[in-house]
Structures are given as structure tokens and as C-alpha cells.
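all I have is the shape, not the residue letters:
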């Protein structure tokens, strides 16, 4: 069982940067692939970035490639999303998610979710 708590969301002007954090409880965090998703008002939740359990593989949605970076610290049980050059279309609630199957190189399923953190980017 993993519990996830996001933080770091804020209001920021276009072109600015934010770093989102996701604190995880549970010993199994270090064995789970993780990811970030977002949901804008009136839209479906979409994948943003994923990272393998060992942090040797990452993947990104095309819309954020080159601007966002996903990292993790398996000692501190933390997941991060560094967001640079933010655009108004990045405005959404951002969620972290964990794959409940151990040792996956990619986020295949989303078995655990955080409560979300709001990111608002103004033009």
C-alpha cells in the first residue's frame, strides 16, 4: 500500500517555473514505477511524465518534452516534476500516481493516486 501527497502547486506567470513534489509512504515506493498526470477543467486526465522504479527510464507527453523533468529519490520516498517555461495550457490539477506492480520500467497501471495540486499559469 502506498499513500501519495502532492505539493508545490501555485499560481505563476507564463515562462516561469515550478517544482512539484510527491511524498510517498510505504516501503514499496522504491519498487514502483511512478508518474505525473494532469487534469484541466472540462478535460480528461492526461499523462504528463513517467519514471521507472530505478529511475533509469523516463518518458514524457509530447506537449511537455524539453520543458518538464521527472525525477525521484528512492531514499527519501519522493517524486518530483520540474516544470520550466510554463504555458497557460499547462494550467491543471497535477496528480502523482504509482504502479502497484513492482520493478516495472514503465508506468503500466495507476493503482495509487494522490489528491492533486493546482497549477495555474497566467498569460
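In hand now; what should we look at? On a predicted model such as this, the values are computed, not experimentally measured, just so you know.

the top strand by length along the chain pairs with which strands, and in what direction?
Looking across the chain with DSSP state E, the single longest strand is strand 92-102. Looking at strand 92-102 with DSSP bridges, its partner strands are strand 32-39 (antiparallel), strand 112-113 (antiparallel), strand 117-122 (antiparallel).

give me the buried positions along the longest one.
Applying a neighbour-count criterion of 16 or more other C-beta atoms under 10 Å, the buried positions in strand 32-39 are 32-38. No exception for glycine: its C-beta is placed from N, CA and C like everyone else's.

tell me which helix or strand comes right after that strand.
Heading C-terminal from strand 32-39, the first helix or strand you meet, by DSSP states H and E, is strand 46-51.

which residues touch that following strand?
With contacts defined as C-beta atoms under 8 Å, 6 or more residues apart in numbering, strand 46-51 is touched by 33-39, 57-61, 64, 68-72, 79, 81, 94, 106-107.

let's go with 6 Å and repeat that
34-38, 58-61, 64, 68, 70, 72, 107 (C-beta atoms under 6 Å, 6 or more residues apart in numbering).

middle-most residue in the chain, spatially?
residue 36 (2.4 Å; C-alpha atoms, centre = their mean).

could you pull up the residues touching that one?
48-49, 81, 96.

ditto for residue 98
Contacts of residue 98 by C-beta under 6 Å, 6+ apart are 2, 32, 34, 112.

mind running it again at 7 Å?
2, 4, 24, 32, 34, 111-112 (C-beta atoms under 7 Å, 6 or more residues apart in numbering).

closest to residue 15 among those residues?
The closest of the contacts of residue 98 to residue 15 turns out to be residue 34 (C-beta to C-beta; 27.4 Å).

re the thing from before, what residues of the longest strand of the chain count as buried?
Residues of strand 92-102 classed as buried by neighbour count (16+ other C-beta under 10 Å): 92-100.

just stretch 71-86 next, same as before
72, 77-81, 83, 86.

can you redo the residues you listed as CSV with secondary structure?
Output for these, formatted as CSV (DSSP: H, G, I helix; E, B strand; the rest coil):
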residue, secondary structure
72, strand
77, coil
78, strand
79, strand
80, strand
81, strand
83, strand
86, coil
